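>>> Predicted model and sequence follow; I will ask about them next.
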2 protein chains.
Amino acid sequence: MATLTVPSVVPSPVEDAEQLRKAFEALDSEISGDFQRALLLWTMEPAERDAYLAYESTKRFTSNQWVLVEIATTRSTHELILVRKAYHDRYKKCIEEDVAHHTHGDIRKLLLPLVSTLRYEGDEVNTTLAKAEAKILREKVTDNACNDDDFIRILCTRSKAQLNATLNHYNNSYGNSISKDLKADGSKDEYLKLLRAVITCLTTPEKYFEKVLRQAINKVGTDEWALTRVITTRAEVDLCRIKEEYHRRNSVPLATAIAKDTSGDYEKLLIELTGHGNA
Amino acid sequence: MATLTVPSVVPSPVEDAEQLRKAFEALDSEISGDFQRALLLWTMEPAERDAYLAYESTKRFTSNQWVLVEIATTRSTHELILVRKAYHDRYKKCIEEDVAHHTHGDIRKLLLPLVSTLRYEGDEVNTTLAKAEAKILREKVTDNACNDDDFIRILCTRSKAQLNATLNHYNNSYGNSISKDLKADGSKDEYLKLLRAVITCLTTPEKYFEKVLRQAINKVGTDEWALTRVITTRAEVDLCRIKEEYHRRNSVPLATAIAKDTSGDYEKLLIELTGHGNA
């Protein structure tokens, strides 16, 4: 599912090191802006990178609740443990402290347990529970009470397999996906938008990331931070599936769209990470 | 701080294994009751044992919120990560699911973040923050609003060093420890009792465990579950300090009190774990 492949003739570590040494000699004065940020994110350890992105997301000028949702929902439990350790080491506090400081009201009520819980990752499903909780979700949606404790608890604590069964049961029983029902409630509501992002990230992450990329590329001026973040964090994970989803949804390959909107070394790096050979 | 020491003549692994083999041949038919439970708890891996105790604490007939508080507050962040992994492996779900199911209202509001957060463990203290948060705690105590989001957030997310500074500042500024102020609010209130336990566990765990032991031993009939739990979980951690605290508070050595209230193999095991030589 990753977009990166090993070249047919593998350079020796010595050759690699020498090339890197030469490259780094000129680095500081040569790189800047979007390319610098992309290179920085790409070369960090994944857990360090996520800790850094999460930290940025709780700071005033780089505040971004979507990034917190993304990290909390699309990383494995083991990866999240490493991210939280990296957060302790780098920032001398725990992620919950910053998330609580940065948010308030319903959004805090959703994000705090979301970043805290270490979900069970097995694929066992309890069908009775799925039916019962689909009913609870439906009741809360109908009552406009999606900020209710039980609604949040189900989304934030159940395993992905269990939650998926619950949402399938919701869909089958009530004729709509829960995301559609949440939309009908007022699409401008920031909290409902975040809820939908949580649900999409937990069930079909490639669709969530495709949408972030689409909006980043279609925006007047391109949202380089979002574009860089998704490409660098997903290249070694599921960027192949995201590319397929992007092509399907936009009738144009992701690499073509990126090439049209970016330039220079920044473009080259993104295209390389996107795996241009098999776009 | 642990109560166990290595004997001066160390038996060879072969001798140990042979003794264990002989002992186990007759084990199932010989042991039962309190001795069996103590032996079971003592021989489990610490993370497995905590996962088991936490699981028991969320079940109807062995329900015990104090055990959840104890585990969430007196284990290190690394230990808590292992406990949560052990919980996933043994019970095929995460601890948050069972805690949420088992509790409701204010107690759920307190326990869920308490068992979820992985606290930062450094000893840095931000004095400005400590003063500001002491003020918040005081306001909530004065307004009878100790179930408030911010009150719970401070207790559940701040590092032990930071929280300690905050509580010291509270004590200095308002003339009372916060635990005393919480007491004045109605000592029968289950939620306030749990809050005080959280605070004692986070700041002076040996006092918390001394009290559990004192109440277990003084109770008509002895509370063997509590006695066994504290001795087996703290023997290799801080039972020495708990013993000192017990002696100071009750004017009798812990081993003497245990010997008076228990008998047979159960007594022998507890006395051994208590480190009778240096009681």
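Received, thanks.
>>> Identify all contacting residues around the helix or strand harbouring residue A:136.
For residue A:136, the host element (DSSP states H and E) is helix A:127-142. Residues outside helix A:127-142 that contact it (C-beta atoms under 8 Å, 6 or more residues apart in numbering or on different chains) are A:145-146, A:148, A:150-151, A:154, A:158, A:162, A:165-170, A:173-174, A:178, A:181-182, A:185. Backbone N, C-alpha and C define where each C-beta goes, glycine included.
>>> pLDDT of it, averaged?
The average pLDDT within helix A:127-142 is 97.
>>> can you check stretch A:78-85 too?
For stretch A:78-85, the per-residue pLDDT averages 97.
>>> in it, what counts as buried?
A:80-85 (16 or more other C-beta atoms under 10 Å in any protein chain shown).
>>> Mind checking what secondary structure residue A:237 has?
The local conformation at residue A:237, judged by DSSP: H, G, I helix; E, B strand; the rest coil, is coil.
>>> how close does it sit to residue A:206?
Residue A:237 is 10 Å from residue A:206, where distance means C-beta to C-beta, to the nearest Å.
>>> neighbours of whichever residue of the stretch 1-150 of chain A sits closest to chain B, just the number please.
Residue of the stretch 1-150 of chain A nearest chain B, by C-beta to the nearest C-beta: residue A:116 (3.7 Å). Neighbour count of residue A:116, defined by other C-beta atoms under 10 Å in any protein chain shown: 25.
>>> Same question for residue A:145.
The burial count for residue A:145: 12, using other C-beta under 10 Å.
>>> With adjacent residues omitted, what lies nearest to it?
residue A:151 (6.9 Å; C-beta to C-beta, 6 or more residues apart in numbering or on different chains).
>>> I'd say the one you found and residue A:144 touch.
No. If you go by C-beta atoms under 8 Å, residue A:151 and residue A:144 don't touch, sitting 11.0 Å apart.
>>> Those two: which has the busier surroundings?
Taking other C-beta under 10 Å, residue A:151 and residue A:144 do not tie; residue A:151 has more neighbours (20 against 11).
>>> quick one: that one from chain B, how far?
12 Å (C-beta to the nearest C-beta, to the nearest Å).
>>> which regions of the stretch 51-200 of chain A sit below the pLDDT cut-off?
A:184-188 (pLDDT under 70).
>>> who's in contact with the nearest residue to residue A:125 once chain neighbours are set aside?
What sits nearest to residue A:125 in space, not counting adjacent residues and going by C-beta to C-beta, 6+ apart, is residue A:165, at 4.5 Å. For residue A:165, the contacting residues are A:125-127, A:130, by C-beta under 8 Å, 6+ apart.
>>> Mind doing that once more with 10 Å?
Applying C-beta atoms under 10 Å, 6 or more residues apart in numbering or on different chains to residue A:165 gives the contacts A:124-127, A:129-131, A:133-134, A:158-159.
>>> try residue A:106
A:146-148, A:152, A:189-192, A:194-195.
>>> repeat that with 7 Å
Contacts for residue A:106 (C-beta atoms under 7 Å, 6 or more residues apart in numbering or on different chains) come out as A:147, A:191.
>>> Kindly report the same for residue A:83.
With C-beta under 7 Å, 6+ apart, residue A:83 has these contacts: A:47, A:50-51, A:71, A:75.
>>> how about a cut-off of 10 Å?
Counted by C-beta under 10 Å, 6+ apart, residue A:83 has contacts A:46-54, A:71-72, A:75, A:95, A:115.
>>> want to throw the contacts of residue A:165 into CSV with neighbour count?
As requested, the contacts of residue A:165 are arranged in CSV below (neighbours: other C-beta atoms under 10 Å in any protein chain shown):
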residue, neighbour count
A:124, 11
A:125, 15
A:126, 17
A:127, 11
A:129, 16
A:130, 21
A:131, 15
A:133, 24
A:134, 22
A:158, 26
A:159, 23
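>>> Looking at the residues you listed, point me to the pair that's furthest apart.
A:124 and A:134 (17.3 Å; C-beta to C-beta).
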